[in-house]
Every structure is written in structure tokens, then in C-alpha cells.
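In: 3D model of this:
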Amino acid sequence: MQDPNADTEWNDILRKKGILPPKEKQKDEEEVQILQTQSVVKTYEDMTLEELRENEDEFSEEDERAIELYRQQRLTEWKASQLKNKFGEIIEISGQEYVNEVSKAGQGIWVVLHLYKPGIPLCTLINQHLSALANKFPATKFIKAISTTCIPNYPDRNLPTIFVYLEGEIKAQFIGPLVFGGMNLTRDELEWKISESNAIKTDLEENPRKQIEDKLMTSIRCTIPTKKDSDSETED
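Out: So this is what the prediction gives:
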């Protein structure tokens, strides 16, 4: 039987008359090779850094330039990811560790330092709040230290004290119990206070203390008699 795909004059006549179907287009060897390559080889955007190194001999100069840019981008993203998740908890330091942990914390690293003393209830409360905030904002370094180990003879009346640093420079300071509002201090209030220094990016929409103050003022207004009420009582 004659091959219908053969290149013969007779087959060409039969194709013109519609007796044979059109000849199938044969993929040349290069097209087949490209398709096979695409089916089994990842594009460099999908490769890991290790895979890029293993396959670098197969790329052209143009590919090399694109891959190098891509490698640098991936490296930058990786470093940012590592930095973002570097902390995550509040750590205790001694006075000898202050320079390395605060002054030499690193470029772009915000440091929140709590000076405290055991046995002071408000210090204990703030350490609890800072522990939660350290977990919520792992890109910021939260540390605590017994006050007199960092600053000899630091007065207890100034406790609790929070210093906020950026690259060794003080950006904000909160000193003494009155600044924190006493034992009624909530975690959200402390978060807002620290966020005002830009050390953390809070998702709170407004100062929680303002909500409390607004409620307090509303309560006071409700308990103060109006002039009309006073006149009515006088007539009685």
C-alpha cells in the first residue's frame, strides 16, 4: 500500500481532488528539541541559586546578564527575609553587652531597651507587654536590662524606663511610671506609644488611650448636672 504522506506526483493529484487529506506538517528536528527542552528544563526564574550555578554553562552571554541580575535580586530578598525574622522575642542583656546589643545593633535596626528592676509591678507588666510586641514585630530588637547594670546608681523613681534607638542614637525615651499611666497600661497603649517613635509599624488606627479618655469625659459629663437641672432643684 502506498504511503499517503509520501512526496509523489500521484499523491499530490489525489490531495488536490480531496481524495487524500492534506499532508501532515512534520516538525523539524530543531523544533522537537526545543519542545523537549521546554518540557523538562525550568526557566531560570524558577531555579534556585544552586540550580543556576549548576546550569550556568548552558546559558548565553545575554542569559548570563539576566541571571546575574536575578541572582542579586534573590539574594537581596533572602537577606531581607532573614533580617525580618531575626528577632521575635525580648532578650535580657547585661551592662557589658550594651555596646554590642544596642550601639552596634546594625544598620537600620531599631532597638527598644527597657530598663527595669525586679519587684516593681509596673516593670513586670511592661516586660510582659514587650514580650508580646517582640513576637508581633520581629524586625525590631526588643531587649531588657536591670537598670543599674547599664547605668550605675540609676534611680528607681525613674523606672520603668524605655529608650528607643536607631543605629546607636536615641530616638525616643519614656521615663517614669506617670508616662506609662500606671498599672492600667494596656499592650495596645504601649504599642501605640512605641510606634510614635517609628520603631514599629502598628496596625492600630488610633491611640487606645484617647478612647479611654473620651469614655471618661463622657462619663463625667453625664454625672455633672446641667443648669436646667440646677434651676429645677432650686425651685423645689
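In: from here on, just use CA atoms for contacts and neighbour counts.
Out: Noted.
In: the helices in the chain, which residues?
Out: Using DSSP state H, the helices of the chain run over residues 9-16, 29-40, 49-55, 61-84, 98, 121-136, 147-150, 177-180, 187-195, 208-223, 227-235.
In: what's the mean pLDDT across the third one?
Out: Pointing back at helix 49-55 there. Helix 49-55 comes out with an average pLDDT of 68.
In: and the longest one, by the same measure?
Out: Averaged across helix 61-84, pLDDT comes to 68.
In: still on that earlier bit, quickly, which of the helices of the chain bottoms out on average pLDDT?
Out: Minimum mean pLDDT among the helices of the chain: helix 29-40, a mean of 50.
In: show me what counts as buried in stretch 173-181.
Out: If you call a residue buried by 16 or more other Cα atoms under 10 Å, then stretch 173-181 has these buried ones: 173-174, 176-177, 180.
In: can you list the residues that contact stretch 116-131?
Out: 89-90, 114, 142, 144-147, 156, 159-161, 177, 182-183, 186-187, 190 (Cα atoms under 8 Å, 6 or more residues apart in numbering).
In: do the same with stretch 197-214
Out: Taking Cα under 8 Å, 6+ apart as the rule, stretch 197-214 contacts 110-112, 137, 140, 164, 171-172, 188-189, 191-192, 194-195.
In: in CSV: those residues, plus neighbour count and distance to residue 21.
Out: Shown next, in CSV, are the contacts of stretch 197-214 (neighbours: other Cα atoms under 10 Å; distance: Cα to Cα, whole Å):
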residue, neighbour count, distance to residue 21
110, 25, 75
111, 27, 78
112, 26, 80
137, 19, 69
140, 26, 72
164, 23, 81
171, 15, 82
172, 17, 84
188, 16, 77
189, 20, 80
191, 22, 77
192, 21, 77
194, 22, 79
195, 15, 76
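In: in CSV, list those residues along with distance to residue 14.
Out: What follows is the contacts of stretch 197-214, written out as CSV (distance: Cα to Cα, whole Å):
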residue, distance to residue 14
110, 82
111, 85
112, 87
137, 78
140, 80
164, 89
171, 89
172, 91
188, 86
189, 89
191, 85
192, 85
194, 87
195, 83
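In: and the two most separated of these?
Out: 171 and 188 (20.3 Å; Cα to Cα).
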